[in-house]
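Participant: Requesting a structural model of the entry that follows:
(2 chains)
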Protein chains: 2
Amino acid sequence: MPAAVINGVVKPGRSTSVYSELETSRLKVSPPLPSVLKSAFDVVDGPKTSAAGNPDEIAKHFPKLFGQPSVSLKAGGSLPRQSLKIGIVLSGGQAPGGHNVISGIFDYLQNRTQGSTIYGFKGGPAGIIKCKYVRLTSEFVYPYRNQGGFDMICSGRDKIETPEQFKAAQETAKMLDLDGIVVIGGDDSNTNACLLAENFRAKNLKTRVIGCPKTIDGDLKCKEVPTSFGFDTACKIYSEMIGNLMVDARSTGKYYHFVRLMGRAASHITLECALQTHPNIAIIGEEVAAQKQTLKNVTNYITNIICKRADAGYNYGIILIPEGLIDFIPEVQQLIAELNEILAHDVVDREGAWKKKLRSQSHELFETLPKAIQEQLLLERDPHGNVQVAKIETEKMLIQMVEAELENKRKEGKYKKDFKGQPHFFGYEGRCGLPSIFDSNYCYALGYGAAALLHTGKTGLISSVGNLGAPVENWTVGGTALTSLMDVERRHGKFKPVIKKAIVELEGAPFKKFASMRDEWSLKNRYINPGPVQFVGPASDVINHTLRLELGSQA
Amino acid sequence: MPAAVINGVVKPGRSTSVYSELETSRLKVSPPLPSVLKSAFDVVDGPKTSAAGNPDEIAKHFPKLFGQPSVSLKAGGSLPRQSLKIGIVLSGGQAPGGHNVISGIFDYLQNRTQGSTIYGFKGGPAGIIKCKYVRLTSEFVYPYRNQGGFDMICSGRDKIETPEQFKAAQETAKMLDLDGIVVIGGDDSNTNACLLAENFRAKNLKTRVIGCPKTIDGDLKCKEVPTSFGFDTACKIYSEMIGNLMVDARSTGKYYHFVRLMGRAASHITLECALQTHPNIAIIGEEVAAQKQTLKNVTNYITNIICKRADAGYNYGIILIPEGLIDFIPEVQQLIAELNEILAHDVVDREGAWKKKLRSQSHELFETLPKAIQEQLLLERDPHGNVQVAKIETEKMLIQMVEAELENKRKEGKYKKDFKGQPHFFGYEGRCGLPSIFDSNYCYALGYGAAALLHTGKTGLISSVGNLGAPVENWTVGGTALTSLMDVERRHGKFKPVIKKAIVELEGAPFKKFASMRDEWSLKNRYINPGPVQFVGPASDVINHTLRLELGSQA
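Facilitator: Down below sits the predicted model:
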């Protein structure tokens, strides 16, 4: 069992946990590499890049890096077997495959350089700031190959933002004599990686910074970065559970399962799970927002389908809801904003006099909410006193609102069944699953490619592996200029550079496919039960629908 | 795609659903048979049997069947290739593998008899009473082979109890000229099967009745019936999710996941999942009951471990709780009994004057419960006005009680961390999963064996497949006299014959193994992440720990 030296102190690695038979079998598998990474390669610069929006502003934020080309790797060429010092950091929430990114970086440096040193910063970007790291050795890294979780070096949600923090990062880079840092994270973390690359360059540090696209939510992607890792595995795990509920619903014939799925800023997970399983209803937040729907609209949409299904003899169904649904409903946003304002300054009296401070539309909406949700809105506050939207059990709220609406329909003689809603939330279960074969391979290539980019002296790029619909050996490898993915956003009165979250495109192939089939799914039961993720044999090499459809529409 | 004739009307079978790649691959697999079922066999009677308790009472209830021998199948002999008419019924909650029991019965009759007719009663025992059935053909049965759920003929929770219902069952048996009925169900359903067998025999009907042991809860088992089907798959699915949460907890380092698991009357599922995954805490209801623990005892047990873990530097953990926990706590039972009494006769006034009717101990307990749980106790009533224990979110209740207790510890300076509890309930997700290879094979053998028993003219037996630790071909096949599993229980002032639920034996090998390891698990993290159920390759042929340990201790 591995042990590790952390800042001079011997610490156990995964030695306290016991491997299951399946984990052990995955440990023994070496992920295949794209052929361009199997032998000598050249880095080919593309044309000068711009930004996703407001190039002048982005140029101001990144005077050193703005405009630099994206690059791709081509067979041929040769690189010196120099010795490199590389730091790695995991940033933000877990996603299956993170360990393989690290394995890929590690193996590249072992295979292609001589006597390199690799550091893992502990607990996310705070590890850089505080210079808290672990020296990654072969014995330390190996036990995490193809395994889920981020526990090798753990992650954190800090950012490197203030001048003091940048200063601390510079000191760490100097102290460890780092040639490069790989930042494995989502949109914000990759924005941060680019700021760090710019800062190091401006300070004439040799330390270069490369990003890697991570998030189960699937909202960090663009033409050059077809998907973020972890999305594939998480959606497959959720779809396994949804498929089981479908079989259960069809067998018992008496439950409506309301399934809330992780994903606040975008509904990619809900859309992908819908494409994998064919539920009766899936609510896509982006559509709700585009159509400026109210909570009542959403409730009525669900209620109407339940009534139509009752007429067709079905008293059961499966309904998927994105975690961030209420973030997409303008009137709810308005109510929450008003509540935050009121609760910051006023006392909530039991008699409800405080409600008079709500605007009439918000007051009306508040009164239509189930009592438990009203209480969650009033009681669950974050340390800043704001309503904790993530804690609101949207699936239970919708069940109660649908129940009330069905009661109205019953009085009108339009509904005669007995409605039973079962709430579910699938979230944490999917973030740390054993990475699917796709995520295992994709992450290993992302990491191997990231190290290759550092080896060639690149900075401010995000590791980009493409042609993912083809066999692994035909995958393309390169780096995309992070500044080319950026736009500015006004935050607290200032322009900030950001990589825009990729939300569900209502004109994109995955949503259009869903939209073309959902009416049929709603009344006829076209359920698909994908079953558990397989690692050998049938169904082990499928990739998710979203990626397949997006690749197809690009072709 | 299959279609079926249901009472003369053509109905689609699984034609509306689409098979996933994994389901399709499972469809193509023929489960292997124990070698005794592969060729000619003889039925060998064992010695005269008695009852599990109160044999005189049981003899009174079963004058025709009491004392009949259990039987086993041995190679040799020959049976006529006669034509049989057999009905099949699924009774009670879903369990993975039910479809394979039906496939086994079907294949036996196809292979070993000539021109037999097979009926599937629709929607459980009510299908027998109402003579609602579907004729099972090869085209109808095939699409369900190795598939999860009970949707082929669906199930129901009715019982055949009243004289009118027995009369109706006799009429169905006569109308369809049935040679036999196979009842696939849990302890109550198999008791009912035995009553039906006795009734038919008493009425000189030729219809014989054979039971099959089904329940994910694992509480129908005895020496001759080593396990009930579905338990293996359900526990593996729950353990996959628990394992993922463990990796997540270890990665983030800041959550205590409280996982409530299905299983009301017994804690086998919680115990099995604990053996598969090594959580920090698992509460076993039977132990709580044996030690007459209070809710406060359970809360303190959890809180103390959380404090000790905090001292050891761990601010996260995994805690498993059986759904039926509060059924095992005497004081809670007492409170619920009093509440049922009070609420049946009194109005619950908002000021709480009604509480004076509670005994002082119950009143005290009620006041210590979190507000949300108090409301659930008062508001969630079943149609008879009783508290719905199954709806109580025990995991949330414990989180809140632990939170309050940790706050006390904090005031005493004994706890300094920030406790974050995450509630989970894993239930429906496991009932209808794709059956594991073990459950697929076990069920097929149970069904094939049940048909063999009917073919030899047996009645009042439960299909019994043994030696399950060996390869399938060495499994033993036979039938156990249902009366030999029975005792009497006083219900509503009358003695009723029942098959006693097999609760977790505190002296049994599985619990003892757990008890010998839990202290280590509580403070050191010995997590095991089994990963998703596999159907090919590594980890595909494992059987559950409970069964393995119980077989081992018998050997």
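Participant: quick one, phi psi at A:Lys206?
Facilitator: When read as degrees, to the nearest 10, the backbone of A:Lys206 gives phi -80, psi -10.
Participant: Now do the SS call for the residue of chain A positioned farthest from its centre.
Facilitator: In terms of distance from the mean C-alpha position of chain A, A:Gly413 ranks first, at 44.8 Å (Cα atoms, centre = their mean). Following DSSP: H, G, I helix; E, B strand; the rest coil, A:Gly413 is assigned to coil.
Participant: State the distance from it to A:Glu403.
Facilitator: 17 Å (Cβ to Cβ, to the nearest Å). Quick note: C-beta positions are derived from backbone N, CA and C, even for glycine.
Participant: go on, A:Pro322?
Facilitator: Taken as Cβ to Cβ, the span from A:Pro322 to A:Glu403 is 21 Å.
Participant: Next: A:Leu369.
Facilitator: A:Leu369 sits at a distance of 13 Å from A:Glu403 (criterion: Cβ to Cβ).
Participant: Shouldn't A:Lys74 be within a helix?
Facilitator: No - according to three-state DSSP, A:Lys74 belongs to no helix; its state is strand.
Participant: For it, give me its contacts.
Facilitator: A:36, A:41-44 (Cβ atoms under 8 Å, 6 or more residues apart in numbering or on different chains).
Participant: which strand residues sit across from it in the sheet?
Facilitator: Counting by DSSP bridges, A:Lys74 is bridged to A:Asp42.
Participant: Over to A:Asp487?
Facilitator: According to DSSP bridges, the residues that bridge with A:Asp487 are A:Val498.
Participant: number of nearby residues for it?
Facilitator: 17 (other Cβ atoms under 10 Å in any protein chain shown).
Participant: these two touch, right, it and A:Val498?
Facilitator: Yes - between A:Asp487 and A:Val498 there is a contact under Cβ atoms under 8 Å: 6.4 Å.
Participant: so who does A:Leu136 touch?
Facilitator: The contact partners of A:Leu136, by Cβ under 8 Å, 6+ apart, come to A:4, A:88, A:102, A:106, A:118-120.
Participant: Narrow these to those in helices?
Facilitator: Among these, DSSP state H puts A:102, A:106 in helices.
Participant: JSON lines for the contacts of A:Leu136, including neighbour count and pLDDT?
Facilitator: Converted to JSON lines, those look like this (neighbours: other Cβ atoms under 10 Å in any protein chain shown; pLDDT from 0 to 100):
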{"residue": "A:Ala4", "neighbour count": "21", "pLDDT": "43"}
{"residue": "A:Ile88", "neighbour count": "28", "pLDDT": "98"}
{"residue": "A:Ile102", "neighbour count": "29", "pLDDT": "98"}
{"residue": "A:Phe106", "neighbour count": "26", "pLDDT": "98"}
{"residue": "A:Ile118", "neighbour count": "24", "pLDDT": "98"}
{"residue": "A:Tyr119", "neighbour count": "22", "pLDDT": "98"}
{"residue": "A:Gly120", "neighbour count": "25", "pLDDT": "98"}
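Participant: Kindly reformat the contacts of A:Leu136 as CSV containing distance to B:Ile326.
Facilitator: What follows is those, written out as CSV (distance: Cβ to Cβ, whole Å):
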residue, distance to B:Ile326
A:Ala4, 44
A:Ile88, 47
A:Ile102, 45
A:Phe106, 50
A:Ile118, 51
A:Tyr119, 50
A:Gly120, 45
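Participant: I'd like the contacts of A:Leu136 as CSV, with distance to chain B appended.
Facilitator: Output for those, formatted as CSV (distance: Cβ to the nearest Cβ, whole Å):
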residue, distance to chain B
A:Ala4, 15
A:Ile88, 15
A:Ile102, 13
A:Phe106, 19
A:Ile118, 20
A:Tyr119, 19
A:Gly120, 13
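Participant: buried sites along stretch A:223-242?
Facilitator: Under the neighbour-count criterion of 16 or more other Cβ atoms under 10 Å in any protein chain shown, stretch A:223-242 has A:224-242 buried.
Participant: and whichever residue of the stretch 51-200 of chain A sits closest to chain B, what does it touch?
Facilitator: Chain B sits closest to A:Gly149 of the stretch 51-200 of chain A, with a gap of 3.7 Å, by Cβ to the nearest Cβ. Applying Cβ under 8 Å, 6+ apart, we find A:Gly149 in contact with A:94, A:98-99, A:432, B:247-248, B:250-251.
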